[in-house]
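1. coords please:
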Amino acid sequence: MKAGISTILFVLALAGCAATNKSAKLVFITPDKVSINLSTNIRQPNEIDLPSGGFSIVAPKIDDDVAIQVCASANRKIIDQIKIGGSIDSHPCFTPGTGMAMRETQPPLYSVPLIIKTGEAHNYYSDDRRRSDKDTTIISVNEVANADETPLGPTYLVVLIDRNKNSTLDDGELWIAKITWK
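-> Okay, here's the model as predicted:
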């Protein structure tokens, strides 16, 4: 799916917010071009509706050696277990060996799935599983599925981008959402 002009303009506007972690935004963009900002407030996740058939995750430009890690679970405990200032490895979703590296993707779409697990794993989107331009990094999610192949239900999401590479759960590097799939 090619980006529409409204998506491109929105992404260019988003690019100006990348100066610090505190101001960095993370946005979901639906196929019908609806933009949804994610919350960095770990006590109150955004409650949003997303299509399970695909959407984009858009962030200000991320260094190629920094992964976007997305933990998705039906259980809210993945949010409750966040300890700002703690080690990334201390969160059950992000401990070493729990990353699910999706298959490599090819230009121009770089489409990847989002897999929902029980809270002991995360989707690991390295630079070969996303696309970047001068100002933004984009993950194009082409499908959402439960790892155990059960029907989709409400899902909690924790998105981690360790921009400063200090292996710490820093304020401004985590985005939270509760998603209902359409």
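
2. from here on, contacts and neighbour counts on C-alpha atoms
-> Noted.

3. hmm, who's touching stretch 84-103?
-> Stretch 84-103 is contacted from outside by 69, 71, 78, 81-83, 112-113, 119-125, 129, 167-171, using CA atoms under 8 Å, 6 or more residues apart in numbering.

4. oh, I was asking about stretch 151-163
-> Contacts for stretch 151-163 (CA under 8 Å, 6+ apart): 21, 62-63, 66-76, 78-79, 116, 145-146, 168-170, 173-181.

5. Looks to me like residue 162 is in a strand.
-> No - counting by DSSP: H, G, I helix; E, B strand; the rest coil, residue 162 is located in no strand; its state is coil.

6. What's the local residue count around it?
-> Close neighbours of residue 162, defined as other CA atoms under 10 Å, add up to 21.

7. Kindly report the same for the one 4 residues further on.
-> Residue neighbour count, defined by other CA under 10 Å, stands at 10 for residue 166.

8. Can you say which helix or strand has it in it?
-> If you go by DSSP states H and E, residue 166 is not part of any helix or strand.

9. Backbone dihedrals for it, please?
-> phi -100, psi 10 (degrees, to the nearest 10).

10. before we move on, back to that, among the contacts of stretch 84-103, which ones are in helices?
-> Within the contacts of stretch 84-103, residues falling in helices by DSSP state H are residue 78.

11. Show only the entries of the contacts of stretch 84-103 found in strands.
-> Among the contacts of stretch 84-103, DSSP state E puts 69, 71, 112-113, 122-125 in strands.

12. okay, among the residues you listed, which ones form the most distant pair?
-> 71 and 112 (14.7 Å; CA to CA).

13. Name the residue in these two with the higher neighbour count.
-> With neighbours defined as other CA under 10 Å, residue 71 and residue 112 compare such that residue 71 has more, 30 against 22.

14. Bridged to that one, which residues?
-> residue 158 (DSSP bridges).

15. surely it meets residue 119?
-> Yes - assessed by CA atoms under 8 Å, residue 71 is found in contact with residue 119 at 6.8 Å.

16. Are there residues contacting both of these two? Which ones?
-> 78, 93.

17. Now residue 100: which helix or strand?
-> Using DSSP H and E, residue 100 maps to strand 99-101.

18. wait, I meant residue 140
-> strand 136-146.

19. For beta bridges, what are the partners of residue 137?
-> For residue 137, the beta-bridge partners are residue 59, residue 132 (DSSP bridges).

20. Any regions of this protein where pLDDT drops low?
-> 1-23, 101-110 (pLDDT under 70).

21. repeat that for 50
-> By pLDDT under 50, the low-scoring segments of the chain are 1-23.
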